[in-house]
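Enquirer: Sharing a sequence plus its predicted fold:
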Amino acid sequence: MTVGVLGVLIVGASVPVTGMLDAYPVITGQALRYALAGVLLLAWARLRGQPMPLPGRRDWPALIALAATGMIGFQACLLFAQRYAEPGLVAAFLGGTPLVLALAGPLAKGKRPSWAPVAGAVLAGLGIAVLSGGGAARWQGLVLAALAMVCEALFTLLVIGVLERLGPLATATWSCCAAGVGGAAVGTVADPSGAWAWPDGRELIALGYLTVVVTAIAFLLWYSAVSVLGADRAGVLVGLMPVSGLAVSLLLGMQDFRFSQLIGVALVSSGVVIGLRRKRDELGALDVEVLDDVAADDRDHDRAQRPGEGDLLDELRPAVDRGQAQREIHGAERNRLADGDLAVLDERRDRERLGDP
């Protein structure tokens with residue numbers, strides 16, 4: 001959970017930095033940011049000696065769709081929406097993203113939505129609406145704001161299967177590479193003359209920060225959180241983005257404090273707490289993975305301690321089933337077993353009876 005919170009706080013706090021790129025070409029600027037982030041993640045994996053699995057045929061369609069919608073498409077919709085709607089209304093629309101993830105995340109895996117993420121998402125969405133303050137819009141702005149919300153949800157929904165197959169690092173890396181290549185191609189075709197303008201000092205600082213912190217680091221943290229919490233529970237953390245942006249704006253003197261902001265922060269915080277709750281008898285994806293890992297570790301430990309013996313079922317086969325004399329185990333100090341344990345007898349002869357080499 002901590003990595004997810006840190007990831008969304010980083011993204012939320014980057015809003016003032018994003019404004020430094022208002023005059024820079026949108027699509028190619030994003031393409032440059034994503035391409036450089038992909039290179040950094042590849043270098044990080046190489047430096048740590050961590051394997052980087054290549055996407056398979058099942059993964060590339062999702063990664064390309066993610067680059068087109070959740071990455072390049074989201075930024076484009078967000079920018080154009082603010083030409084027809086006030087920023088507060090666009091932000092209020094984005095407050096619906098946690099609810100979309102709470103409902104669609106489990107459905108994408110063939111499960112029913114849980115009450116805790118849904119209830120938490122509703123509270124977080126209300127808190128975002130209070131923090132944004134709403135605003136006026138033309139119909140074009142409403143459509144683009146809704147599309148931005150869908151694109152933001154697709155940033156998580158499209159990689160659910162990819163995360164399970166590749167892991168967070170490879171998912172973040174290849175999605176950035178796909179967005180970098182695709183954005184560069186689209187931006188060049190759309191504006192051949194001005195697509196690759198050289199950034200000035202202010203824009204270069206903004207691009208560097210967005211590349212390293214907001215993309216490479218934050219994407220890795222977010223996908224790590226999604227792989228652990230699931231898309232529905234991780235979705236409620238999206239509500240922390242405007243809270244982080246508000247805190248930075250207040251610290252920099254870019255926004256005045258209002259009492260309604262406390263109400264919005266309280267709603268978002270309550271939504272996050274409720275949305276991350278689990279039932280005691282509910283085994284989520286993380287619980288199952290932990291149990292599987294423990295079982296695998298136990299088997300490996302048993303084999304390491306007794307390298308000449310086989311699996312646990314072979315080791316604990318009752319002696320009477322093999323027609324052999326049972327060893328005296330209860331009187332010997334070194335071979336004392338608890339009640340109900342079975343003696344481990346001649347494993348080699350047992351394997352010969354089973355036909356194992």
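Expert: Structure received.
Enquirer: What are the contacting residues of stretch 149-168?
Expert: For stretch 149-168, contacts defined as Cβ atoms under 8 Å, 6 or more residues apart in numbering pick out 53, 55-56, 58-59, 62-63, 65-66, 69-71, 73-74, 77, 93-94, 96-97, 100-101, 104-105, 108-109, 171, 174-175, 220, 222-224, 226-227, 231, 234-235, 238. Where C-beta positions appear, they are placed from N, C-alpha and C, glycine not excepted.
Enquirer: now that stretch, how far from the chain's geometric center?
Expert: 7 Å (Cα atoms, centre = their mean, to the nearest Å).
Enquirer: Going by neighbour count, list what's buried in that stretch.
Expert: 149-160, 162-163, 166-168 (16 or more other Cβ atoms under 10 Å).
Enquirer: End to end on that stretch, go ahead and measure it.
Expert: End-to-end distance of stretch 149-168 (Cα to Cα, to the nearest Å): 23 Å.
Enquirer: Once you drop chain neighbours, what's closest to the residue most central in space within the chain?
Expert: Central residue of the chain (Cα atoms, centre = their mean): Tyr223, 2.2 Å from the mean position. In space, and not counting its chain neighbours, Tyr223 is closest to Pro168: 4.0 Å by Cβ to Cβ, 6 or more residues apart in numbering.
Enquirer: Model confidence score at the one you found, please.
Expert: Looking at Pro168, its pLDDT reads 95.
Enquirer: that older thread, what about the residue nearest to the centre of the chain, which helix or strand?
Expert: Assigned by DSSP states H and E, Tyr223 falls within helix 218-229.
Enquirer: The residue nearest to the centre of the chain and Glu164: what is the separation?
Expert: Plainly put, Tyr223 is 11 Å away from Glu164 if you go by Cβ to Cβ, to the nearest Å.
Enquirer: Please apply the same query to Ala172.
Expert: 14 Å.
Enquirer: Please apply the same query to Val100.
Expert: 20 Å.
Enquirer: same check, this time on Ala65
Expert: 17 Å.
Enquirer: got the contact list for the residue nearest to Gly235 when sequence neighbours are not counted?
Expert: In space, and not counting its chain neighbours, Gly235 is closest to Leu101: 2.9 Å by Cβ to Cβ, 6+ apart. Leu101 sits next to 117, 121, 153, 156-157, 231-232, 234-235, 238 when contact means Cβ under 8 Å, 6+ apart.
Enquirer: can you tell me which of the residues you listed are in helices?
Expert: Assignment to helices by DSSP state H places the following of the contacts of Leu101 there: 117, 121, 153, 156-157, 231-232, 234-235.
Enquirer: Could you dump those into JSON lines and include pLDDT and distance to Ala43?
Expert: Converted to JSON lines, those look like this (pLDDT from 0 to 100; distance: Cβ to Cβ, whole Å):
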{"residue": "Pro117", "pLDDT": "93", "distance to Ala43": "35"}
{"residue": "Ala121", "pLDDT": "92", "distance to Ala43": "36"}
{"residue": "Ala153", "pLDDT": "94", "distance to Ala43": "30"}
{"residue": "Thr156", "pLDDT": "94", "distance to Ala43": "25"}
{"residue": "Leu157", "pLDDT": "95", "distance to Ala43": "29"}
{"residue": "Ala231", "pLDDT": "91", "distance to Ala43": "28"}
{"residue": "Asp232", "pLDDT": "91", "distance to Ala43": "33"}
{"residue": "Ala234", "pLDDT": "91", "distance to Ala43": "27"}
{"residue": "Gly235", "pLDDT": "90", "distance to Ala43": "30"}
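Enquirer: Residue ranges in this protein under the pLDDT threshold?
Expert: 1, 15-16, 134, 254, 279-357 (pLDDT under 70).
Enquirer: Can you give me the domain boundaries for this structure?
Expert: 2-282, 287-354 (automatic domain parsing).
Enquirer: so which of those domains is the most packed in?
Expert: The highest mean neighbour count among those, using mean count of other Cβ atoms under 10 Å, belongs to domain 2-282: a mean of 19.
Enquirer: My guess is Ala31 contacts Ala178. True?
Expert: No. Using Cβ atoms under 8 Å, Ala31 is not in contact with Ala178; the gap is 10.5 Å.
Enquirer: Need the overlap of contacts for these two.
Expert: Common neighbours of Ala31 and Ala178 (Cβ under 8 Å, 6+ apart) do not exist.
Enquirer: residue ranges of the helices in the stretch 1-150 of the chain, please?
Expert: In the stretch 1-150 of the chain, the helices defined using DSSP state H, counting those that start in this stretch lie at 2-13, 15-18, 26-48, 60-66, 72-84, 87-94, 97-108, 115-132, 139-157.
Enquirer: what helices or strands is the helix or strand Val273 falls within leaning on?
Expert: Using DSSP H and E, the element containing Val273 is helix 259-275. When contacts are defined as 3 or more Cβ pairs under 8 Å, 6 or more residues apart in numbering; DSSP states H and E, helix 259-275 sits against helix 97-108, helix 115-132, helix 231-235, helix 240-251.
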